[in-house]
Each structure stands twice: as C-alpha cells, then as structure tokens.
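S.K.: sequence unknown, structure follows:
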C-alpha cells in the first residue's frame with residue numbers, strides 16, 4: 001500500500017505535479033533539524049523564554065525518541081525497498097538515517113504542531129501552523145523519501161511528545177527544585193539510547209553485486225545527533241535556571257539585536273568548534289559533542305553572555 005501511494009505521487013510529480021516540487025522542497029526545508037533549532041532559538045532568546053523552553057525541550061525529546069525508533073525498526077528508505085521509487089534528487093541530501101519514523105514530521109510536530117496545540121496561541125495562527133505542519137509531513141512522501149506510515153507515525157509520536165512536554169513543564173513550574181531530577185533522568189535516557197544504538201546489531205542485506213545496501217553504523221548518526229542535542233539542552237536549561245535567569249521582556253529593538261548577535265554567535269560556534277572537534281575526534285563521540293555544543297550555546301552560553309556583560313537587556 002505504501003509503495004503504491006508513493007508510485008502514484010511519483011507519477012503525479014513527474015507530470016503536472018512538477019510545478020509543486022519547488023514548493024514542497026521549501027516546505028521540507030523548514031522541517032529540517034537545523035532549521036527548526038534555529039527558529040526555536042530565536043523564539044527562546046527574543047520572543048518568549050517560557051514558550052521557547054517548551055519548544056526546545058519537546059524538540060530535544062523528539063530527536064531522542066526519533067533516533068531510538070529509527071535504530072530499533074531499521075526500516076529501509078523507499079527507493080531501497082523498491083527500485084521503482086525514484087525520489088526527487090534535491091530531497092536526498094536531507095534524507096539521512098533509516099526511514100521509520102520521519103524525522104522531518106517529528107521536527108514539524110515539535111515546532112509547528114507543538115505551537116498549534118497551545119491554547120495561548122491565537123486561533124488563526126494555530127490553524128496556519130497546523131497547515132504548515134501537515135504540508136511538511138506530506139512533502140516527505142511527495143518527494144519520495146518517506147512512506148505514508150513514516151510520516152503518520154512520526155507526526156503522531158511527535159505531537160504526543162509535545163503534549164507530554166506541556167505536562168512536564170507545568171509540573172516543573174509547580175516543583176521548581178525538581179528541575180535537576182528532570183534533567184538527570186532525561187540525560188540518563190539519552191545516554192542509554194546512545195549506548196543502545198552503538199551496541200545493537202544492524203541488518204546486513206546485500207544487493208546482487210554483493211554490495212551492502214545500508215550501513216547501519218552510518219544510519220545511527222542521526223540518533224547520536226539527537227542525543228547530543230538533548231544533552232546540551234538539559235545541561236544548559238538547568239544551568240540557566242540556576243545561575244542566569246535571563247528574560248525576554250525587552251524592547252523590540254533589543255530583541256532584534258539579540259537575534260542578529262545570537263545567530264552570528266551560533267554559526268561561529270557551530271562552524272569553528274565543529275571543525276575543531278571533527279578534526280580531533282572521530283565517530284559517535286564527535287557527533288554527540290558537536291550537537292551538544294549547539295543546544296548548550298542556545299540555552300546557556302548566549303543567555304549567560306547577555307547577563308554577564310549586561311548586553312541586550
């Protein structure tokens with residue numbers, strides 16, 4: 001059934017549907033991991049610290065859950081399962097890791113779906129966010145890089161994680177001293193997922209020429225990224241709560257300056273440190289460290305700089 005749906009969409013895409021390919025590619029882009037992280041970071045720094053924390057926490061959780069499910073199911077991408085599937089070439093670069101469930105759908109559920117389920121968001125905005133969420137998920141099957149099952153399960157699990165995150169944040173607000181407990185448990189789960197991904201066995205199927213179809217170790221890289229992001233968020237979240245306490249109750253001009261400087265710092269830290277780490281450390285540890293740095297910068301380092309130097313207050 002999944003393959004037949006993809007073949008039908010492929011025929012449509014290769015015919016009159018080609019006019020939608022560019023649009024679907026753009027929708028897919030705003031559901032990518034790095035894109036979603038940057039958007040949430042800007043909300044956290046410039047618009048609403050509380051809402052941004054909710055989105056960061058939910059997204060971090062979703063990345064770990066997605067990574068765990070992917071290396072557990074070890075489902076091959078559609079074009080590996082059936083040679084008749086010819087995905088859009090532009091979408092292949094972001095089609096990393098195993099297929100089930102869709103990471104883009106869970107990213108979209110974290111930001112757009114997670115915002116849409118919050119009652120404090122205006123109704124019209126919630127509708128728009130819900131449409132964006134659905135379009136991102138649909139773009140993955142339209143472009144041929146996921147199956148309907150991938151996006152449906154990814155969307156459902158992603159929304160469930162965001163709902164649970166809402167409940168967890170309310171509990172932390174009522175029990176503020178329990179933040180270390182929450183962070184400790186979350187970090188422990190993330191580390192356990194990394195160990196599981198590193199130690200488990202992966203399918204070793206070969207094509208007619210004797211070439212390995214999918215390298216499980218490479219497929220697990222997205223799982224390690226998710227673990228690093230989760231570790232960086234929860235470590236930074238607790239430290240910011242305990243030792244920084246910045247606020248987003250600032251003027252619009254200040255918010256704009258935070259956006260510009262925060263983004264510049266993010267890219268500088270990411271590009272420079274990622275290069276240093278990658279050149280000195282290999283394998284899963286390097287992946288975890290580089291992604292840890294990204295969310296730790298977002299949640300703690302930049303807010304600390306704001307308060308320490310009394311900038312952008």
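M.R.: Yep, that arrived. Worth saying up front: this structure is predicted, and the values here are computed from it rather than measured. Residues are numbered from 1 along each chain as shown.

S.K.: Could you use CA atoms for every contact and neighbour count after this?
M.R.: OK.

S.K.: Need the pLDDT of residue 38.
M.R.: For residue 38, the model assigns a pLDDT of 96.

S.K.: Count the residues that sit near the closest residue to it other than its chain neighbours.
M.R.: Once its chain neighbours are removed from consideration, residue 38 has its nearest residue in residue 263; the separation is 8.0 Å (C-alpha to C-alpha, 6 or more residues apart in numbering). A total of 17 residues lie near residue 263 under the criterion other C-alpha atoms under 10 Å.

S.K.: Tell me, what's the model's pLDDT at residue 263?
M.R.: 93.

S.K.: Which secondary structure state is assigned to it?
M.R.: Look at residue 263: counting by DSSP: H, G, I helix; E, B strand; the rest coil, its state is helix.

S.K.: Distance of it relative to residue 203?
M.R.: 40 Å (C-alpha to C-alpha, to the nearest Å).

S.K.: What of residue 271?
M.R.: For residue 271, the distance to residue 203 under the criterion C-alpha to C-alpha works out to 34 Å.

S.K.: go on, residue 212?
M.R.: Using C-alpha to C-alpha, one gets 10 Å for the distance from residue 212 to residue 203.

S.K.: Break down the chain into its strands, ranges please.
M.R.: In the chain, no strands are found when defined by DSSP state E.

S.K.: low-confidence ranges in it?
M.R.: When the per-residue scores of the chain are filtered using pLDDT under 70, the ranges that remain are 310-313.

S.K.: show me what contacts the residue sitting nearest the centre point of it?
M.R.: Among the residues of the chain, the smallest C-alpha distance to the mean C-alpha position (C-alpha atoms, centre = their mean) belongs to residue 33, namely 4.0 Å. By C-alpha atoms under 8 Å, 6 or more residues apart in numbering, the contact set of residue 33 is 104, 107.

S.K.: distance of it from residue 58?
M.R.: 13 Å.

S.K.: Ok, residue 145 next?
M.R.: Following C-alpha to C-alpha, the distance that separates residue 145 from residue 58 is 24 Å.

S.K.: ok, those two, which is more surrounded?
M.R.: Legend: neighbour count by other C-alpha under 10 Å for residue 145 and residue 58, higher for residue 58 (29 against 25).

S.K.: How about residues contacting stretch 39-48?
M.R.: Taking contacts as C-alpha under 8 Å, 6+ apart, the residues outside stretch 39-48 that touch it are 49-53, 55-56, 111, 248-249, 255-256, 258-259, 262, 298, 303.

S.K.: Over to it now: how far is its first residue from its last?
M.R.: 12 Å.

S.K.: what's residue 244 sitting at in phi/psi?
M.R.: Backbone geometry at residue 244, expressed as degrees, to the nearest 10, gives phi -120, psi -70.

S.K.: Pull the contacting residues for the nearest residue to it once chain neighbours are set aside.
M.R.: Leaving out its chain neighbours, the residue that sits closest to residue 244 by C-alpha to C-alpha, 6+ apart is residue 304, at 5.9 Å. Applying C-alpha under 8 Å, 6+ apart, we find residue 304 in contact with 240, 244, 246.

S.K.: Only the buried members of those residues: can you turn that into a ChimeraX selection?
M.R.: Those of these that meet the burial criterion (16 or more other C-alpha atoms under 10 Å) are gathered into one ChimeraX selection, given here:
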select :240,244,246
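
S.K.: which among the contacts of residue 304 gets closest to residue 293?
M.R.: Sorting the contacts of residue 304 by distance to residue 293 puts residue 240 at the head of the list, at 14.8 Å, by C-alpha to C-alpha.

S.K.: right, and that closest one touches residue 303 too?
M.R.: Yes: with contact taken as C-alpha atoms under 8 Å, residue 240 and residue 303 are classed as touching, separated by 7.5 Å.

S.K.: tell me the contacts of the closest residue to residue 233 other than its chain neighbours?
M.R.: Nearest residue to residue 233, sequence neighbours excluded (C-alpha to C-alpha, 6+ apart): residue 295, at 5.1 Å. Residue 295 is in contact with 229-230, 232-233, 236, counting by C-alpha under 8 Å, 6+ apart.

S.K.: now do residue 158
M.R.: So residue 158 contacts 62, 105-107, 109-110 (C-alpha under 8 Å, 6+ apart).

S.K.: Make JSON lines from these and add distance to residue 15 and neighbour count to it.
M.R.: Converted to JSON lines, the contacts of residue 158 look like this (distance: C-alpha to C-alpha, whole Å; neighbours: other C-alpha atoms under 10 Å):
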{"residue": "62", "distance to residue 15": "36", "neighbour count": "26"}
{"residue": "105", "distance to residue 15": "26", "neighbour count": "32"}
{"residue": "106", "distance to residue 15": "29", "neighbour count": "36"}
{"residue": "107", "distance to residue 15": "30", "neighbour count": "33"}
{"residue": "109", "distance to residue 15": "30", "neighbour count": "35"}
{"residue": "110", "distance to residue 15": "33", "neighbour count": "34"}
